[in-house]
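Peer 1: Task: produce atomic coordinates for the following.
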Amino acid sequence: MNAASMENMMQEMQKMQACMAKVDFSALASLQEKSFTVQQNIEKLCAQGKRDKAQSTAISFSKEVMSLPAIVQLKECSKNSAMGTMLNIDSNDFQKNHVCDGQQVDFGVPSNKRINW
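Peer 2: Numbering: from 1, shown residues only. Take a look at the predicted model:
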């Protein structure tokens with residue numbers, strides 16, 4: 001890596017840092033708690049055989065999350081990074097695979113591994 005590449009990388013990191021300073025981390029902490037509750041609700045619906053309700057709950061919640069200002073800001077800050085790929089979730093992904101089938105959907109983090117924002 002030459003000096004120009006290193007300088008460019010440093011400038012990009014500074015831009016991202018300035019952008020991330022605008023993220024409302026208290027909103028992310030609230031989202032983490034709500035995500036855990038929604039996850040439990042979806043698992044309960046699946047266990048009760050209420051597949052349609054579980055699916056609609058997952059789709060609705062994913063749309064709600066992706067429209068939150070803190071998430072929109074995170075997506076903007078990280079659109080050219082690996083985290084940007086991770087945040088590029090489309091609610092149509094839930095249409096391809098049912099939320100009750102296959103892998104366990106994890107909208108949150110277990111309470112013993114929560115991040116203290």
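Peer 1: quick check, distance from the host helix or strand of residue 66 to the centre of its chain.
Peer 2: Using DSSP states H and E, the element containing residue 66 is helix 51-67. Taking C-alpha atoms, centre = their mean, to the nearest Å, one finds helix 51-67 lying 13 Å from the centre of the chain it belongs to.
Peer 1: Tell me the helices and strands packed up against it.
Peer 2: Applying 3 or more C-beta pairs under 8 Å, 6 or more residues apart in numbering; DSSP states H and E, we find helix 51-67 packed against helix 25-47, helix 93-96. (Each C-beta comes from the backbone N, C-alpha and C, glycine too.)
Peer 1: Could you check the angle that helix makes with helix 25-47?
Peer 2: 170 degrees (axes from the mean of the first three to the mean of the last three C-alpha atoms, to 10 degrees).
Peer 1: Buried residues in the helix or strand just after helix 51-67, which are they?
Peer 2: Next in sequence after helix 51-67, counting helices and strands by DSSP H and E, comes helix 69-77. Neighbour counts over helix 69-77 (16 or more other C-beta atoms under 10 Å) mark 70, 71, 73, 74, 75, 77 as buried.
Peer 1: who touches residue 23 in this structure?
Peer 2: If a contact means C-beta atoms under 8 Å, 6 or more residues apart in numbering, then residue 23 has 70, 73, 74, 77 as its contacts.
Peer 1: Run a quick neighbour tally on residue 58.
Peer 2: 24 (other C-beta atoms under 10 Å).
Peer 1: Please name the nearest non-neighbouring residue to it.
Peer 2: Excluding the flanking residues, the one nearest residue 58 by C-beta to C-beta, 6 or more residues apart in numbering is residue 99, at 4.2 Å.
Peer 1: Looking at the helices and strands packed on helix 51-67, which is nearest to residue 19?
Peer 2: helix 25-47 (13.4 Å; C-beta to C-beta).
Peer 1: which helices and strands does the closest one pack with?
Peer 2: Partner elements for helix 25-47 (3+ C-beta pairs under 8 Å, 6+ apart): helix 51-67, helix 69-77.
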